[in-house]
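A.B. asks: sequence plus the predicted model coming up.
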Amino acid sequence: MIEIAVELPLAPFELRVAVRLGDGVTAIMGPSGSGKTSLLEAVAGLRPRARGRIALDGIVLLDTQSGVRLRPERRRVGYVPQGAGLFPHLTVMGNVRFAARGAGSRVRAAIESLELAPLLDRYPATLSGGEQQRVALARSLASDPRLLLLDEPLAALDVGLRERIVPYLRRVHDEWKVPVLYVTHNVGEALDLAEAVLLLRTGTVEAHGPALDLLSRPAMARAAEAGIENLRHGRIVAHDDQGGTTRVQLDDGQALAVPLSSSRLPGEAVNLAIRAEDVLLAVEPLRGLSARNIIEARIVTLDRVGPDALLRCRAASASGSEPRPWLVRITPSAVDSLGLVSGQRVWLAIKSHSVRLL
Amino acid sequence: MKPVALLILAPILFLRPPAVAADDVLVFAAASLTEVLRELGGSYEMAHADHIAFNFGASSDLARQITAGAPGDAFFSADAARMEELEQAGLVDRGERRNVLSNVLVIVVPRDAKTTISEPSDLQTLRTIALANPEAAPAGVYAKKYLGSLGLWEPLKAKVVPTLDVRAALAAVEAEHAEAGIVYATDAAISKKVRVAFRVPREQAPPIVYTLAPLARSRKPAARAFVGFLASQGAAATYERHGFIVLPAG
Amino acid sequence: MLTAADLAVVAFTLRIAALGTVLIIGPGIAVALALARYRGPGKSILETLLSLPLVLPPTAVGMLLLSVLARRGLLGRWLDAAGIQVVFTWKAVLLATMVMAFPLLVRSARTAFEEVDPRLDGLARTLGCGPTAAFFRVTLPLAWRGIVGGTVLAFARALGEFGATVMIAGNIPGRTQTLALAIFQASQVGRDDRATTLAGVTVLIAFMTLWTAEWLTRRRNRRVAT
């Protein structure tokens, strides 16, 4: 459990945050300049003027009242800033190994997790944005942190690259069991990765709770204007050159037809993205539709996000323990005229062209 | 990183101060005495165990250095005024001063020059005249006084090229940077590139007196011994051979 | 050709310049780091003082040094009382070269430090480095090129220092005569041949110095593509 109760003067306002965060992934969102980066820096120990109390599972990093202030090098808080912040004079290996001091096994594990083996001798300047982020992540992980702070790790990357990293972020949390604080503007990422969202506004906490609960907040809605994505993982099954499609089997068993991508080999793992805005919804079984993907599902929840409605639907054929819901974004008038309610059986239609292979 | 560190540190290995040992006798002397003192110093060294080193320059500049604290053992000035200054500053004991030499001023021109100077007023036909700094260096001060006594200083003032010391003035004429110069007869004698155009009669020139004294702060007995030698009869013949006028003792 | 006396002058000049440069590296880097990192009330005064030797005529700097160190000067009187001699000895030559070379090193080193991404130091701290380790493992290697360049510049300046040197050290052959002073002296007494030879030696030394610096920075540069 992470206790944060800090005050930090920032011109023109003051950062005042008092929250208790869980051990999972917490997304920190809010308008630019609301103090998100400053909050991360204060937790990392990089802001000498921060006052208050910060504790991780009972280990006190800062307690102004009792005069405790751990120096950054003692806090074991991993920090990945915007733009990765790799050391340009060291190779990838040099960067990842920087903190490890002999803990070879952690270094190896980090390299494996982030799939950095082919890049080890390269210098940061020769890496793509996504590769740099992965190296920065590995570097932090190899230092055996108690907490991971990620500052908009995907912001500097273009959309295609972004989703390539998300699986790594997910893996980081799943495999390494480190709590993560994660600044983002992207609602899809927050919905996808985070158990809870902390909304900041001019230095104070506007709201704190599960991502879906906060969707209707203006801050979230504005962020959601950029689009919300369904991210999936699967394997290539076969190519249909005549038909112009490739068949993909998702991890949860769902089969999808995606645009023909003969460069990928059958059996190869693949990440996909489908915008919630591109999913069509029908209350009757669909016939004679050009869309190649029809998914029978049930509506789980209905929420507002800004002026729109966001539906979470569980596919009927979904298997596995935690099937990922399909996010569907439609107008409230559609919700009204179709009379949509939770639990209702629906059919989702997705054109193969709406599926992006990452 | 290592080879770089070595490169940077290597010079420290040469970390010794330079050639002249600290217990040499260091004599600050007027530039015009360069050859004669080197000879005298050399023969002194052969007869004694001490090592003599010299710092030659304009007596005014040397006096300034000594006043500022330069580590000299003796001072051989081309005029009495500089020695006076040092005495007033307590750097020289009055009782240890000796007037040793005198000299003669000459007007020199480049050896192959076509200019005909047969008397001082002819200098007015020239464009440049080299003098050791007439505001301070003894040779220049003497020259200025002399020209002034003839009423020639004002007309010639603008043509004067001041140099650091009398040897620099000589060099200027040798290199024909100046059409003529006023130096000591002893300076002209050592140069093959100038000729004497006019010799200033002693009675018309200001009194030229070379003064010698050990510096009060020097604790080296060798310094006083060498000074004694320089002022002695034994040195007189050498001075005269170089063209200096030896003053009677006292 | 070079006489033994000439070689002695060359050796003296090189030793003094090298020693002076080595002595200012540590303080120079420290001052440059301070100027690059900290903002405070005294900063602009310090910056201005440091730039003075660059802007003033060297003889003026020499004059100021002399007024402090001469027998009757502020520091000089204590030195004199203690029997320590500085002016018109090799120590004065060393001091003059250090004073004139210092600002050059600081300037280059400071720029080099300012060009290092300021976040990297903090990042190194979160990765377990104390402030000293962060400096030596991250900031210094990244500023290396500028520091080497500044050191070379300082060395070259030390080699050629004349104005301040002649003021507080004079031109005493065998004791305080550097190459620059020897060239001047030779030309003054009409020995242009000697002056030219010595000037040629200076060119050779300067060439080798700059070439070494190029080589040093090129090796580093290959790896850190900016």
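C.D. replies: Perfect, I can see it now.
A.B. asks: buried set for stretch C:68-79?
C.D. replies: C:69-71, C:73, C:76, C:79 (16 or more other C-beta atoms under 10 Å in any protein chain shown). To be clear about C-beta, it is placed using only N, CA and C from the backbone, and glycine gets the same treatment.
A.B. asks: let me redo that: stretch A:73-88
C.D. replies: Applying 16+ other C-beta under 10 Å to stretch A:73-88 flags A:73, A:75-88 as buried.
A.B. asks: if we can go back for a sec, so which of the buried residues of stretch C:68-79 are also by chain A?
C.D. replies: Near chain A, taking C-beta under 8 Å from any C-beta of the partner chain as the test, no member of the buried residues of stretch C:68-79 is found.
A.B. asks: which residue ranges of chain C form helices?
C.D. replies: C:4-37, C:43-55, C:58-69, C:76-81, C:90-114, C:118-126, C:131-134, C:140-160, C:163-169, C:179-188, C:192-221 (DSSP state H).
A.B. asks: just send the ones you listed back as CSV, with distance to residue B:172 and mean pLDDT too.
C.D. replies: Formatted as CSV, the helices of chain C follow (distance: least, C-beta to C-beta, whole Å; pLDDT from 0 to 100):
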stretch, distance to residue B:172, mean pLDDT
helix C:4-37, 23, 92
helix C:43-55, 32, 87
helix C:58-69, 21, 90
helix C:76-81, 35, 85
helix C:90-114, 28, 93
helix C:118-126, 58, 92
helix C:131-134, 59, 92
helix C:140-160, 25, 90
helix C:163-169, 19, 89
helix C:179-188, 9, 89
helix C:192-221, 12, 84
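A.B. asks: now, of those helices, which is deepest in the fold?
C.D. replies: Highest mean neighbour count among these (mean count of other C-beta atoms under 10 Å in any protein chain shown): helix C:163-169, with a mean of 26.
A.B. asks: now it, how far from the centre of its chain.
C.D. replies: How far helix C:163-169 lies from its chain's middle: 15 Å, per C-alpha atoms, centre = their mean, to the nearest Å.
A.B. asks: just the pLDDT for residue A:321.
C.D. replies: Here the pLDDT value assigned to residue A:321 is 55.
A.B. asks: which residues are in contact with the regular element (helix or strand) spanning residue A:8?
C.D. replies: Per DSSP states H and E, residue A:8 falls inside strand A:2-9. Contact with strand A:2-9 is made by A:14-23, A:35, A:38-39, A:42-43, A:47, A:49-57, A:62, A:147, A:179, A:181, as judged by C-beta atoms under 8 Å, 6 or more residues apart in numbering or on different chains.
A.B. asks: show me chain B divided up by domain.
C.D. replies: Annotated domains of chain B cover B:2-102+B:209-246, B:105-199 [automatic domain parsing].
A.B. asks: those domains: lowest mean pLDDT?
C.D. replies: domain B:2-102+B:209-246 (a mean of 85).
A.B. asks: that one and chain A in contact?
C.D. replies: No. Counting by C-beta under 8 Å from any C-beta, chain A is not contacted by domain B:2-102+B:209-246; separation bottoms out at 14.6 Å.
A.B. asks: the helices in chain B, which residues?
C.D. replies: Counting by DSSP H, the helices of chain B are B:2-9, B:34-47, B:59-68, B:80-88, B:138-149, B:153-156, B:166-174, B:185-190, B:221-230, B:233-242.
A.B. asks: which one of those helices is the most hemmed in?
C.D. replies: helix B:166-174 (a mean of 28).
A.B. asks: hmm, who's touching that one?
C.D. replies: Under C-beta under 8 Å, 6+ apart, the answer for helix B:166-174 is B:30-32, B:34, B:56, B:58, B:78, B:108-110, B:130-132, B:137-140, B:161, B:163, B:178-184, B:187-188, B:191, B:193-194, C:188-190.
A.B. asks: among the helices of chain C, which is nearest residue A:213?
C.D. replies: helix C:118-126 (31.9 Å; C-beta to C-beta).
A.B. asks: how close does the closest residue to residue C:36 other than its chain neighbours get to chain A?
C.D. replies: Excluding the flanking residues, the one nearest residue C:36 by C-beta to C-beta, 6 or more residues apart in numbering or on different chains is residue C:113, at 3.7 Å. Distance of residue C:113 to chain A, computed by C-beta to the nearest C-beta, to the nearest Å: 14 Å.
A.B. asks: OK, contacts around residue C:113?
C.D. replies: By C-beta under 8 Å, 6+ apart, the neighbours of residue C:113 are C:32-33, C:36-37, C:139, C:143, C:146.
A.B. asks: I'd assumed residue A:283 was in contact with residue A:340.
C.D. replies: Yes. Using C-beta atoms under 8 Å, residue A:340 is in contact with residue A:283, at 7.4 Å.
A.B. asks: the more surrounded of those two?
C.D. replies: Using other C-beta atoms under 10 Å in any protein chain shown, the more surrounded residue of residue A:340 and residue A:283 is residue A:340, with 19 against 12.
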